[in-house]
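Peer 1: Prediction below, plus the sequence it came from.
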Amino acid sequence: MDGRLFWRSGLSSMCHKNATFFSSNMSNTQLPLFQELACVADSRDIKDQLSVIFRREVFEDSQKMRDYYRLSNEITEAVRMRDEYMKELQRIPRSDAVGKSVEIMRRMQVDDTEAASRLMLMAAEMQIKVSEKNNFIARLRL
């Protein structure tokens, strides 16, 4: 058994031990997905089992969404700080080193601003996926 579902679902050790026992008694054949899901969901009802899959995905997607927002905010803060550095550099007498530094920083500003925007877009897309999955989970329970 490769344990993909066990790792993804965050099963308790008891469920994992039971599945390992079943797996070792089945001549190294993998457990069918529905048996693994039944163990995770503690139910043979397919709706409960599907709910387990989608709740786990909602959890993972929510983490990604928070990470995207956090990274976007960090990049935005770096852009703000770099703006301050460029303003200070422009106040001192011009030299080739200062001019090249400001030029490099401006290019970095464009790249970082685009990256922050892309991360915000990815976070918004992830939020839509989370909503869709939560709606599906709610419909399963009807």
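Peer 2: Looks like it arrived, so ask away.

Peer 1: ok, the residue lying farthest from the centre of the chain to residue 67 distance?
Peer 2: No residue in the chain sits farther from the centre than residue 93, which is 46.3 Å out by C-alpha atoms, centre = their mean. Remark: distance between residue 93 and residue 67 (C-beta to C-beta, to the nearest Å) = 43 Å. Glycine gets a C-beta too; all of them are placed from N, C-alpha and C.

Peer 1: thinking again about what came up before, if I look at the residue farthest from the centre of the chain, how far off is residue 99?
Peer 2: Residue 93 sits 11 Å away from residue 99 when distances are taken as C-beta to C-beta.

Peer 1: Got the domain ranges for this structure?
Peer 2: For the chain, automatic domain parsing gives the domain ranges 1-42, 45-140.

Peer 1: mean pLDDT for those domains: which is lowest?
Peer 2: Averaged per stretch, pLDDT over those is lowest on domain 1-42, reaching a mean of 51.

Peer 1: which stretches of this protein form helices?
Peer 2: Applying DSSP state H to the chain gives helices spanning 4-9, 13-24, 33-41, 46-91, 96-140.

Peer 1: winner for burial among those?
Peer 2: Using mean count of other C-beta atoms under 10 Å, the stretch among those with the greatest mean number of neighbours is helix 33-41 (a mean of 19).

Peer 1: Which strands or helices does that one pack on?
Peer 2: On a contact count with 3 or more C-beta pairs under 8 Å, 6 or more residues apart in numbering; DSSP states H and E, helix 33-41 meets helix 4-9, helix 13-24, helix 46-91.

Peer 1: Determine which of those helices approaches residue 141 most closely.
Peer 2: With distances scored as C-beta to C-beta, the stretch of the helices and strands packed on helix 33-41 nearest to residue 141 is helix 46-91 (7.3 Å).

Peer 1: which residue is nearest the centroid of this protein?
Peer 2: residue 64 (2.1 Å).

Peer 1: Hmm, residue 125 and that residue touching each other?
Peer 2: No: shown here, residue 64 and residue 125 do not form a contact pair, counting by C-beta atoms under 8 Å, at 10.0 Å.

Peer 1: circling back: how about the helices and strands packed on helix 33-41 in TSV, adding distance to residue 138?
Peer 2: As requested, these are arranged in TSV below (distance: least, C-beta to C-beta, whole Å):
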stretch	distance to residue 138
helix 4-9	20
helix 13-24	25
helix 46-91	10
